[in-house]
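Q: here's my sequence, what's the structure:
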Amino acid sequence: MGRPRRRTGVLERAFAILDCFTSDEPTLTLTQITRRTGLAASTTSRLLKSLCEHGALIRERSGAYSIGPRLMEIAQFARPMLSIREAASPILDDLNRTTDQHIQLGTLDGTEMVILDRREGKHPIPVYYHIGDRLPLAPTAAGRTLLAYAGPGIIGQVVNTGTFTWPTWQIPRPSSDELMASLALIRQRRVAVLQPPGAALHWVAAPILGRPNAVIA
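A: Sure thing, here's the model as predicted:
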């Protein structure tokens, strides 16, 4: 693991702290946050105090920190994302009842997919993502669908370097040319079907269109 990069500016440092929290680790200590951000302990402590004063974080009785109610309040104003989630919710329910499988709704954010909503399946399949988590685009059908309809700049960032994120347990790793060919096929068929070699599972995804015919999720 490389040395954390130097962070300048109060906002960048504050967001570096907020980015430390995940669905798997919603509560962190000062030591954990300091180590993950690479900030000095005194700087981290001062920013944590300020974030708590503004309700962005709360300090537990144990002394650890977790996300505060103010961020939840602000998130309610993310109307485009909430509108997509509300509109898709009945469809997610129908898919879940019909297939008994895990269902997820994701949208593109930079070179990653953000999970907006999800439904649990009835089969004992380990699922490591939660609402609000970020996932790489190339390895899954949903992410690859978003990538297929992304702008050339995003596709270039993800594909052309050949260093796109790929799970170590999925073998073989596709080449950039193979990934580009799969994106073209997704645009042609308007559906993505992926099956990792040797796996019994299929991943299926389809684009959700907004206006004017732009893929929004």
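Q: from here on, contacts and neighbour counts on C-alpha atoms
A: Fine.
Q: now do R61 against S42, distance only.
A: Between R61 and S42 the computed distance is 21 Å (Cα to Cα, to the nearest Å).
Q: again with L183
A: 47 Å.
Q: G55 belongs to a strand?
A: No: membership of G55 in a strand is not supported by DSSP: H, G, I helix; E, B strand; the rest coil, which gives coil.
Q: count the neighbours of the closest residue to it other than its chain neighbours for me.
A: Leaving aside its chain neighbours, G55 sits nearest to R70 (5.0 Å; criterion: Cα to Cα, 6 or more residues apart in numbering). For R70, the neighbour count with other Cα atoms under 10 Å is 15.
Q: R70 sits in which helix or strand?
A: Element membership for R70, per DSSP states H and E: helix 69-75.
Q: from the contact counts, what lies against whatever helix or strand comes next after that helix?
A: Using DSSP H and E, the next helix or strand after helix 69-75 towards the C-terminus is helix 79-99. Counting contacts by 3 or more Cα pairs under 8 Å, 6 or more residues apart in numbering; DSSP states H and E, helix 79-99 packs against strand 103-109, strand 112-119.
Q: low pLDDT regions in the protein?
A: 1-8, 76-81, 126-128, 161-163, 169, 171, 198-201 (pLDDT under 70).
Q: now the residue most central in space within the chain, nearest residue through space, not along the chain?
A: Nearest residue to the geometric centre of the chain (Cα atoms, centre = their mean): R134, 1.4 Å. Among residues not flanking R134 along the chain, V114 sits closest, at 4.6 Å (Cα to Cα, 6+ apart).
Q: so the one you found sits right up against H130, yeah?
A: No: V114 lies out of contact with H130 (Cα atoms under 8 Å); the separation is 9.5 Å.
Q: who's more crowded, those two?
A: A side-by-side neighbour count of V114 and H130, using other Cα under 10 Å, places V114 first with 23 against 17.
Q: show the contacting residues for the more buried one.
A: Applying Cα atoms under 8 Å, 6 or more residues apart in numbering, we find V114 in contact with G106, T107, L108, I131, G132, D133, R134, L135.
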